[in-house]
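Trainee: below are the sequence and a predicted model for it; my questions follow.
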Amino acid sequence: MTRTRMDVWNRTQGEGDWPEVLLAYARAVEVMRSLDPSTGKPTDPLSWQFQAAMHGRATRTGSADRSHALWSRCQHGSWFFLPWHRMYLAAFEAVVQHHLGDDQWSLPYWYALDPDRPATSVLPPAFREARADNHLFTENRSVLANGGDPLPDVSDSVTQALQVELFSTDTGVASFGGGERSQPSFFGEEMGAVEDTPHGFVHVVVGNDFDAAGNTVREGWMGSFFTAGLDPLFWLHHANLDRLWQVWLDADPSHRNPPDGDPAWFRTKFRFPDPAGGTRTYRVGDVLDPEALGYTYEDLSVPSTFPAPPPVPAPPAPPAPEGGGIEMGGAEEPPPPLRATPQVVGATQDVSLAAASPAIVELSEPSDLGLGDAGVTGPTRVYLRIEGITGTAAAPAYEVYLNLPAGDAGADHPELLAGRLATFGLAEASRGDSVHGGSGLTKVFEITPVRDALADRGRWDPAQVTVSFEPVLPTPSDTDALAQAATGEARAPDLRAARVVVLSA
């Protein structure tokens, strides 16, 4: 029988309300924590700390702890991100079922950035009740989030992510699921759209606190690869990301594109603890359908903000019979396909994303990027790649604007917004060690709509593009509580990009 993962807010009637699915979850968390040692490393694969360590665990020097074969194996920054986390959730769900003695229990999901329901951006009450016996609450979380403040509204990024056409690509353009890699990697550098926002953004704003200048003043579990799995909220957040993968697939049949047939993806296997003993192995190709794993989701509808798919073109009319007849119009021409190899048409190096002045990218020919005279063939899509983003501190996310008028705020020009760059994993991706080279994050935006908006207003500059970065910060309802919670010296944002590149395809 197929189980249903439920929307946690649909089961929560208000403050103080604990739906049965969360009461059971809290009991399981309590049992799992009882299996953890008071000091030292966890040894029981069914314990809370061990389960979290599979996502990530740090050594005393801050590198990834791989002293156990199953630890620090999370997949980020590549096309393995979504399937690995789906396996991780399925294995964790089985552990909870084992502790509860209930094989019908299913993880609920938290849709934190729902474009149609802004109220769900508040943590469910069960996770905010600061009681000693509440195993869903932790002080290792944002003070603002625990206090019931809503997350900053960046829900339009969810709609934008669901519109990305390709699951993965090796050509450097935008993808939903991440860049292609021949081998699994703790961090593969090139994030897909859904991994960036909502995934990374929710991690950072739930985990960390920031002051009005964007300085990090407090760090919590959800803000780091190495501790995120310790927060009970982690699992509900990732259940929603898993759900959004299926929403993306259902939104457009053409999204079932390769890599389904690519053995480097399809045949890759990962291991997880089995409650019955030993380990269970999942193959990527075996987890592409949630129902094959025994579950579905309560709601798989796209947001109301998701644009309706274009109408299917009518087939061309048959030729008129000889001797006359009515001449029929044919279907509109479909959009040209993506080029196999995008072309770099401009780049600049060593860019500070925290600087007040924008980065300037000089453009080479063809500088019109598809805006030539009618009938002239040329590139029709444009992408912005921000490569090698490194640093130790940053705001939760940055809005990226193109050709923003001098002195104007980005909020006054939504048509110039290329997208948002979340900073989850920044410190880990910037650190060179045995599992990562320290080359940072890479984010890709399709900027064709922004180019068109600029061209329509006569403001597209064929010689250059300016790229501005504006921090996205929570607005605290209780500044005194935030000030009291600050645990260390404020760390100013220091992130930089190795290159900012404009591509045509």
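Mentor: Alright, I've got the coordinates.
Trainee: ends of stretch 268-280, how far apart?
Mentor: 14 Å (CA to CA, to the nearest Å).
Trainee: residues of that stretch that come out buried?
Mentor: Within stretch 268-280, the residues scored as buried using 16 or more other CB atoms under 10 Å are 268, 270-274. The C-beta positions use only the backbone N, C-alpha and C, and glycine is treated the same way.
Trainee: so what's Glu190 up against?
Mentor: 77-78, 175, 178-179, 442, 444 (CB atoms under 8 Å, 6 or more residues apart in numbering).
Trainee: for it, give the beta-bridge partners.
Mentor: On the basis of DSSP bridges, Glu190 is bridged to Thr442.
Trainee: now the strands for the stretch 101-250 of the chain?
Mentor: Here the stretch 101-250 of the chain has its strands, by DSSP state E, counting those that start in this stretch, at 168-169, 178-179, 209-210, 216-218.
Trainee: which one of these lies closest to Ala69?
Mentor: The closest of the strands of the stretch 101-250 of the chain to Ala69 is strand 178-179. By CB to CB, the value is 24.1 Å.
Trainee: which residues sit against the closest one?
Mentor: 77-82, 168-170, 188-192, 195, 442.
Trainee: just the ones of the buried residues of stretch 268-280 in helices?
Mentor: Using DSSP state H, no member of those falls within helices.
Trainee: nearest to Arg73, of those?
Mentor: Phe270 (6.9 Å).
Trainee: quick check: the closest one touching Trp84?
Mentor: Yes. Using CB atoms under 8 Å, Phe270 is in contact with Trp84, at 5.9 Å.
Trainee: could you pull out the helices for the protein?
Mentor: With DSSP H, the ranges of helices along the chain come out as 20-34, 48-55, 81-100, 143-146, 156-163, 193-194, 201-207, 233-251, 263-266, 426-430, 448-456, 479-485.
Trainee: mind putting those helices into CSV with mean neighbour count?
Mentor: Listed next are the helices of the chain as CSV, based on neighbours: other CB atoms under 10 Å:
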stretch, mean neighbour count
helix 20-34, 17
helix 48-55, 23
helix 81-100, 22
helix 143-146, 24
helix 156-163, 21
helix 193-194, 26
helix 201-207, 27
helix 233-251, 21
helix 263-266, 16
helix 426-430, 23
helix 448-456, 18
helix 479-485, 14
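Trainee: circling back to that earlier point, most tightly packed of the strands of the stretch 101-250 of the chain?
Mentor: Most buried of those by mean neighbour count (mean count of other CB atoms under 10 Å) is strand 209-210; its value is a mean of 27.
Trainee: and for that strand, what's in contact with it?
Mentor: Residues contacting strand 209-210 (CB under 8 Å, 6+ apart): 142-144, 216-218, 220, 395-396, 473-474, 482, 485-486.
Trainee: okay, these in JSON lines with pLDDT and distance to Ala427 next?
Mentor: Converted to JSON lines, the contacts of strand 209-210 look like this (pLDDT from 0 to 100; distance: CB to CB, whole Å):
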{"residue": "Ser142", "pLDDT": "95", "distance to Ala427": "17"}
{"residue": "Val143", "pLDDT": "93", "distance to Ala427": "20"}
{"residue": "Leu144", "pLDDT": "93", "distance to Ala427": "21"}
{"residue": "Thr216", "pLDDT": "84", "distance to Ala427": "10"}
{"residue": "Val217", "pLDDT": "86", "distance to Ala427": "16"}
{"residue": "Arg218", "pLDDT": "88", "distance to Ala427": "15"}
{"residue": "Gly220", "pLDDT": "95", "distance to Ala427": "14"}
{"residue": "Ala395", "pLDDT": "89", "distance to Ala427": "14"}
{"residue": "Pro396", "pLDDT": "92", "distance to Ala427": "14"}
{"residue": "Leu473", "pLDDT": "91", "distance to Ala427": "18"}
{"residue": "Pro474", "pLDDT": "90", "distance to Ala427": "20"}
{"residue": "Leu482", "pLDDT": "78", "distance to Ala427": "22"}
{"residue": "Ala485", "pLDDT": "75", "distance to Ala427": "20"}
{"residue": "Ala486", "pLDDT": "77", "distance to Ala427": "19"}
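Trainee: between the residues you listed, which sits nearest Ala58?
Mentor: Ranked by distance to Ala58 (CB to CB), the contacts of strand 209-210 are led by Gly220 at 14.5 Å.
Trainee: what sits in contact with each of Phe270 and Trp84?
Mentor: Counting by CB under 8 Å, 6+ apart, the contacts common to Phe270 and Trp84 are 73, 184.
Trainee: tell me how many other residues crowd the nearest residue to Ala53 once chain neighbours are set aside.
Mentor: Spatial nearest neighbour of Ala53, chain neighbours left out: Trp71 (4.5 Å); criterion: CB to CB, 6 or more residues apart in numbering. Applying other CB atoms under 10 Å, we find 19 residues neighbouring Trp71.
Trainee: any idea how far Asp36 is from Trp71?
Mentor: To Asp36, Trp71 is 14 Å away according to CB to CB, to the nearest Å.
Trainee: care to break the protein down by domain?
Mentor: Domain assignment for the chain by automatic domain parsing gives 3-297, 343-504.
Trainee: tabulate those domains (a markdown table), appending distance to Ala308.
Mentor: Formatted as a markdown table, the domains of the chain follow (distance: least, CB to CB, whole Å):
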| stretch | distance to Ala308 |
| --- | --- |
| domain 3-297 | 10 |
| domain 343-504 | 16 |
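Trainee: which of the ones you listed has the lowest average pLDDT?
Mentor: Out of the domains of the chain, domain 343-504 stands lowest, with a mean of 86 (criterion: mean pLDDT).
Trainee: can you give me the end-to-end span of that one?
Mentor: In domain 343-504, first residue to last residue: 5 Å (CA to CA).
Trainee: next: stretch 485-494.
Mentor: Its start and end residues considered, stretch 485-494 measures 23 Å (CA to CA).
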